[in-house]
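Undergrad: just a sequence and a predicted model for now, questions to come.
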Amino acid sequence: MIESPRRGFFWRLLGLGGVSAAAASAQPQQRRDGEYRFLPRYARSQNYKSLKQSSYDQTGGNSDRWPIPPGGTNEVFNSQGPGAISRIWFTIAGPGVNHLKEIVIRMYWDGNSKPSVEVPVGDFFGLNLGQYFVYQSEFLNCSSVKALNCYFAMPFRKSARITATNDGQQEVSSFYSNIDYQVAPSLPDDVLYFHAQYRQAAPNTATTNDWKTNRDANRLMNTDGKLNYVYAETRGRGHLMGVTLGVLQNQEFWMGEGDDMIFIDDESQPAIIGTGSEDYFCGAWDFGGRDGAIPFAHLYNGAQFIQSSERTGGRYCLYRWHADNPVTFTRYMKHTMEHGHANHRADNFYSVCYWYQTEPYTNFPTMPPVADRIPTLKAVDGPGGAGTKL
């Protein structure tokens, strides 16, 4: 049978390869597993307990939600002991039109005071420009109507805690939550902790304004990636799982041509260099161009939202998962991308990077103020920018 990489990863994470705790010896069990590979794992005995924490009405009524006042924080999950979160589902209602950017999700593993996840809720689920739209991918989706789902496995050895903070000025009247998880006697020694980091550049700083079309930037060179947009930077051992990115164009023409550059265990030079941002997101040829761009959402890659392509004010939401080949690092990782060829463009980027690493926390940059997180056009020089003419 063909197995989903996500599902296979989760089974390996919990050590649930169909091995019975009562196995008499490793060799006979290995033979039996080989003989019965036609049986899916869900038809075999498991060694975990399935649980859920939700926003259900504890009085027995139907008010299955939490209100979150302005400036308030609500704890949406708290569990002790070895286990792993398998799914997170949220849906949100409130008067604030920007609640996807105003609500910040934080996740803490094993009692740490520093979060391993600190991301506006919309960005975490791939809605990086604060707008809802339906799409499907291996790890994230937005279902009709406004249902946010995450399927990243999130293991913890001692404890797990998730909070939602309302940075907006209006009450979030209804925050609904369902979080599925498993508890188990133990986890494998090599289990890693899930991380997600939010970053933005609004706008990116352009290396030049002396261009009329993107082709004019071809004379520029960039070999070290020092001025690239940074998705995430971390120290430790782990592997990169992917990114989501929202782009708001402040200039005319194609917003891409930005090579991906990933620094691995060497801070001076990237170990991985790609051929362009549309190629990194597994599309091609400007996703169809100024008048023919076509949104797409696949298992591991997508440009799931495209609006007013290649025009000032144009919007793109994109994702790329590395589940087929997670990018490993042993000491250091910095995932970057050019904003236009050799960083010649000054568009707005809003991103989340997702990875696993040995440490249950990392030092994140300060979260931008909520007003700065709302996507708005910026006055920049260059074609289509404020004060310029094509």
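TA: Arrived safely, thanks for sending.
Undergrad: can you pull out the helices in the stretch 51-200 of the chain?
TA: Secondary structure of the stretch 51-200 of the chain, counting by DSSP state H, counting those that start in this stretch: helices at 99-102, 121-124.
Undergrad: got a markdown table for the ones you listed, with mean pLDDT and distance to Arg215 too?
TA: Yep, even glycine has a C-beta here, placed from its N, CA and C like the rest. Supplementary listing: the helices of the stretch 51-200 of the chain in a markdown table, determined by pLDDT from 0 to 100; distance: least, Cβ to Cβ, whole Å:
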| stretch | mean pLDDT | distance to Arg215 |
| --- | --- | --- |
| helix 99-102 | 98 | 34 |
| helix 121-124 | 98 | 32 |
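Undergrad: want to throw those helices into a markdown table with mean neighbour count?
TA: As requested, the helices of the stretch 51-200 of the chain are arranged in a markdown table below (neighbours: other Cβ atoms under 10 Å):
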| stretch | mean neighbour count |
| --- | --- |
| helix 99-102 | 25 |
| helix 121-124 | 26 |
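Undergrad: and those helices as TSV, adding distance to Ala293?
TA: Output for the helices of the stretch 51-200 of the chain, formatted as TSV (distance: least, Cβ to Cβ, whole Å):
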stretch	distance to Ala293
helix 99-102	23
helix 121-124	22
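Undergrad: let me see the mean pLDDT of stretch 266-273.
TA: What stretch 266-273 shows for mean pLDDT is 96.
Undergrad: residues contacting that stretch, please?
TA: 224-225, 259-265, 327, 332, 334, 336 (Cβ atoms under 8 Å, 6 or more residues apart in numbering).
Undergrad: dump the residues you listed to a markdown table, plus secondary structure and distance to Ile179.
TA: As requested, those are exported to a markdown table (DSSP: H, G, I helix; E, B strand; the rest coil; distance: Cβ to Cβ, whole Å):
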| residue | secondary structure | distance to Ile179 |
| --- | --- | --- |
| Asp224 | coil | 42 |
| Gly225 | coil | 37 |
| Asp259 | coil | 38 |
| Asp260 | strand | 32 |
| Met261 | strand | 35 |
| Ile262 | strand | 31 |
| Phe263 | strand | 34 |
| Ile264 | strand | 33 |
| Asp265 | coil | 34 |
| Val327 | strand | 28 |
| Tyr332 | strand | 32 |
| Lys334 | strand | 31 |
| Thr336 | strand | 32 |
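Undergrad: so which of the helices of the stretch 51-200 of the chain gets nearest Lys49?
TA: Across those, the minimum distance to Lys49, taken as Cβ to Cβ, is reached by helix 121-124, at 26.7 Å.
Undergrad: which of the contacts of stretch 266-273 sits closest to Leu377?
TA: Each of these was scored against Leu377 by Cβ to Cβ, and Thr336 proved nearest at 24.3 Å.
Undergrad: tell me, how many neighbours does the closest one end up with?
TA: Applying other Cβ atoms under 10 Å, we find 21 residues neighbouring Thr336.
Undergrad: across the sheet, point out what pairs with it.
TA: Val230, Met261 (DSSP bridges).
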